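Peer 1: Turn this into a structure:
(one chain, ligands or ions: 1)
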Amino acid sequence: MEIRECKWFENFKENWISGQEVQTSQKLYKDAKGFYESIDESLDPQTVMYTVYTCEQGDPKTGNLNWGLSVLEPVTVKGECNVTRGHFHEDLDCDEIYVCAQGEGFLLLMDENGKCTAEIMKSGSIHHIDGHQAHRLVNTGDTQLAVLCCWPSTAGHDYERVEAMPFSARAFKIDHQIIWKEGE
Ligand SMILES: [Fe+2]
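Peer 2: Have a look, this model is predicted:
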């Protein structure tokens, strides 16, 4: 019998996630300006907004699962809480599971008619995402928001659809209070 080490390892205190072929991508403010209601000229364009670690299983095939971790910095853009780009899945029949590892914020969901729902995220919260809903993360806390993700490798990411129909709800931090604004 073979005894072996695990394929991937999470260590939130050191390097977040490590192991075989972990892909890391950082989203800088200069490439994320369109995610927010307003552009903040005072924010350094090189500011790291979030980092995504992805563990892929190779060729997409039915039933394959990917694993990932998103870490959002506690940054605000003219008062607006930091968000991920957000997406629909190309295959709307593919669901996804998010688990909040640390921090606090919201999972913002939007159905195909543009109706938004915000689900509270806190350490330990587990979230099921219906593939027919667009999803983005919102960090409302004063610390990093770290969220583990598991999704089918065949789901795909449809970013254009949320650019054509942006999330209509946005969270702002005003005097340490979270205020939601809805409607364009
Ligand atoms: Fe997704």
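Peer 1: Residue 93: neighbour count?
Peer 2: Using other Cβ atoms under 10 Å, residue 93 has 11 other residues around it. No exception for glycine: its C-beta is placed from N, CA and C like everyone else's.
Peer 1: again but with residue 6, I slipped
Peer 2: Using other Cβ under 10 Å: residue 6 sits among 8 other residues.
Peer 1: so where's the protein uncertain?
Peer 2: 184 (pLDDT under 70).
Peer 1: mind listing the helices for it?
Peer 2: For the chain, the helices defined by DSSP state H cover 160-164.
Peer 1: Distance check, the most centrally placed residue in the chain against residue 118.
Peer 2: By Cα atoms, centre = their mean, the chain has its centre lying nearest to residue 137, at 4.2 Å. Applying Cβ to Cβ, to the nearest Å, the value for residue 137 to residue 118 is 11 Å.
Peer 1: Identify the contacts common to these two.
Peer 2: Here residue 137 and residue 118 have 106-108 as joint contacts, going by Cβ atoms under 8 Å, 6 or more residues apart in numbering.
Peer 1: Pull the contacting residues for residue 45.
Peer 2: Residues near residue 45 by Cβ under 8 Å, 6+ apart: 28-30.
Peer 1: From the residues you listed, list just the buried residues.
Peer 2: Buried members of the contacts of residue 45, scored by 16 or more other Cβ atoms under 10 Å, are residue 29.
Peer 1: Much appreciated, bye for now.
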